[in-house]
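**Q** A predicted structure for the sequence below; I have some questions about it.
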Amino acid sequence: MVRVMKFFAYSVFFVMMLIYFMPKISFYYLFEDTLLKSDVVISKEELVENGFSLDISNANVFVKSIDTAKIKSINVKVFAFYNLVTLQDITFSKSMKSFVPLHVESVNVKYSILNPQLISINGVGDFGEFEAKYSLSDGVIILRLKPSKLMLDKYRATLDSLKKSENGEYIYEKNI
Amino acid sequence: MKKISNSTMISVITKLFILLIIAKSIALGFYLYLPDQGQELKLKTSYQPQYQRVDFKNMLSSQIRTNKPTSSPKKSSGAKISNMILKGLYGSKTNGFIIVAMKKAPKKTTILSIGEIFQGYKLKRIGKNSAVFIKNNKEYVLSFKKVDIKSNITKVKNTSNGNNDKSISRKDIKYYAKNTKQMMKDISIREIKDGKNLKGFKVMKIRKNSKMASLGLKKGDLITAVNNTKLKSYQDAFKIYGDIDELDFIQLVIIRNNEEMELEYEIN
């Protein structure tokens, strides 16, 4: 038992050190290369590596070279067993104002080893609140939106493209 | 007892140190293997001149063509600004030229630079849709809207395929901008690439009897340029979409049955 405990302790130490020393900025660049294949570019951002986390600030997001959004801060925390990405203060480009409200307060993306097949996402903004689950096993994302009054009043066309549930939520389901 | 404890401690520290070295070495390996530079947006520079309606056909055919004003202040006929037509303009506030004519002789055009005089009116500056003249310390604005657009469209359009000029209501444009679902119902457009380069946007579907269909677009049309801007990227298309509220005129260059055509619309 003592041996097992020792092995476990050494393993945890090794994994934590590995995460600590990992070049997070280089991994972020690799992630950017992956995004580029889908014509998404994150530009002019500032990167700061802090031991177990990576801070990205003032990121401009371009989709197919179109200025799509500005994200004031992104915090990536990687602990192997529990990982969290927090995006704060997102402002969509004015050209999208006919589709969605432009300001999003925060979006959290969580991945825990306790539920290894699922990535949980939630967000709050002028559009209301949403919760989404992305299943890694079947590649399906299900998003449930509780729309704000603004969304209900001014963005009916966008809501119409979602499925309305009995409790008043709007559901979007897609196979990615 | 103390010796045993010390040796255990040393053994643990040694093991931890070895693990630390291994972790650092692996991280270093990743560092060497992973990219060392991020992606930044590389904008394709596409020259996009300010688009204005210019009666080029008339400019080329007209016998009287000069950069100097046709009349000096002395020869001023005392013509009213309301009798003048602004036929085209190009440039910024302080630089550029305009094309003017008198209503009674619309084909007799004159090109004026800033500071030059026409019918006693000195061109002071060029606006977005107008030119400002000065006479006797009083400013006169010759607006672009006074041009008989339809007659000009007929002259500049590619007439290879008959009657291509149409008019669109600004209300309809705003309607489609707000009701994207309806727009997607009425028309479906897909990018067409020639290798890595964007060739244009192909009309995959267009709903019969819709407002979109009434514009003259047909299924299979490949839209290659809008208002003299070649659509080389989504950015080009999106920029036009973003500025559509400010446009008075839209010109589409399309390829239909391997033949290039122009469709022109006046926005009312």
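**A** It's in.

**Q** Show me which positions of the least confident helix or strand in chain A by mean pLDDT end up buried.
**A** When each helix and strand of chain A is scored by mean pLDDT, DSSP states H and E, helix A:156-160 comes last, with a mean of 83. Buried residues in helix A:156-160, counting neighbours by 16 or more other C-beta atoms under 10 Å in any protein chain shown, are found at A:157-158. C-beta here means a position set from N, CA and C on the backbone, and glycine is covered the same way.

**Q** tell me the mean pLDDT over the longest helix seen in chain A?
**A** If you go by DSSP state H, chain A has its longest helix at helix A:2-21. Mean pLDDT, helix A:2-21: 90.

**Q** Which parts of the stretch 1-150 of chain B are strands?
**A** Applying DSSP state E, counting those that start in this stretch to the stretch 1-150 of chain B gives strands spanning B:84-91, B:96-102, B:105-113, B:117-118, B:121-126, B:130-135, B:138-143.

**Q** Give me the angle between the second one and strand B:130-135.
**A** This means strand B:96-102. 70 degrees (axes from the mean of the first three to the mean of the last three C-alpha atoms, to 10 degrees).

**Q** re earlier: touching chain B at all, the least confident helix or strand of chain A?
**A** Yes. Contact of helix A:156-160 with chain B (C-beta under 8 Å from any C-beta of the partner chain) involves A:157-158, A:160.

**Q** Please apply the same query to stretch A:76-92.
**A** No. Using C-beta under 8 Å from any C-beta, we find that stretch A:76-92 stays clear of chain B, coming within 12.4 Å at best.

**Q** Kindly format the C-alpha coordinates of that stretch as PDB.
**A** The C-alpha trace of stretch A:76-92 is given here as PDB (Å, rounded to 0.1, in the frame of the first residue of the first chain):
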ATOM      1  CA  VAL A  76      -6.300  29.000 -19.800                       C
ATOM      2  CA  LYS A  77      -5.700  26.900 -16.700                       C
ATOM      3  CA  VAL A  78      -4.400  23.400 -17.300                       C
ATOM      4  CA  PHE A  79      -4.100  20.900 -14.400                       C
ATOM      5  CA  ALA A  80      -4.500  17.700 -16.500                       C
ATOM      6  CA  PHE A  81      -7.300  16.500 -14.300                       C
ATOM      7  CA  TYR A  82      -9.300  19.700 -14.400                       C
ATOM      8  CA  ASN A  83      -8.900  22.300 -17.200                       C
ATOM      9  CA  LEU A  84     -10.600  25.600 -17.500                       C
ATOM     10  CA  VAL A  85     -10.700  28.300 -20.200                       C
ATOM     11  CA  THR A  86     -12.300  31.600 -19.300                       C
ATOM     12  CA  LEU A  87     -13.100  34.200 -21.900                       C
ATOM     13  CA  GLN A  88     -14.100  37.600 -20.700                       C
ATOM     14  CA  ASP A  89     -15.500  40.700 -22.200                       C
ATOM     15  CA  ILE A  90     -16.100  39.600 -25.800                       C
ATOM     16  CA  THR A  91     -17.300  42.200 -28.300                       C
ATOM     17  CA  PHE A  92     -18.500  41.000 -31.700                       C
END
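
**Q** Just list whatever residues bridge to the residue positioned nearest the centre of chain A.
**A** Geometric centre of chain A, nearest residue: residue A:109, 4.3 Å, by C-alpha atoms, centre = their mean. Judged by DSSP bridges, the bridge partners of residue A:109 are residue A:85, residue A:121.

**Q** so where's the stretch 151-268 of chain B shaky on pLDDT?
**A** By pLDDT under 70, the weakly predicted segments of the stretch 151-268 of chain B are B:151-166, B:177-181, B:235, B:242-243, B:245-246.

**Q** Flag every residue of the stretch 1-150 of chain B that's near chain A.
**A** Residues of the stretch 1-150 of chain B found near chain A (C-beta under 8 Å from any C-beta) are B:15-16, B:19-20, B:22-24, B:26-28, B:30-31, B:34-41, B:43-44.

**Q** Among those residues, name the ones in helices.
**A** B:15-16, B:19-20, B:22-24, B:26-28, B:30-31.

**Q** now those residues: which count as buried?
**A** The neighbour count (16+ other C-beta under 10 Å) marks B:19-20, B:23, B:27, B:30 as buried among those.

**Q** Farthest pair within these?
**A** B:19 and B:30 (16.6 Å; C-beta to C-beta).
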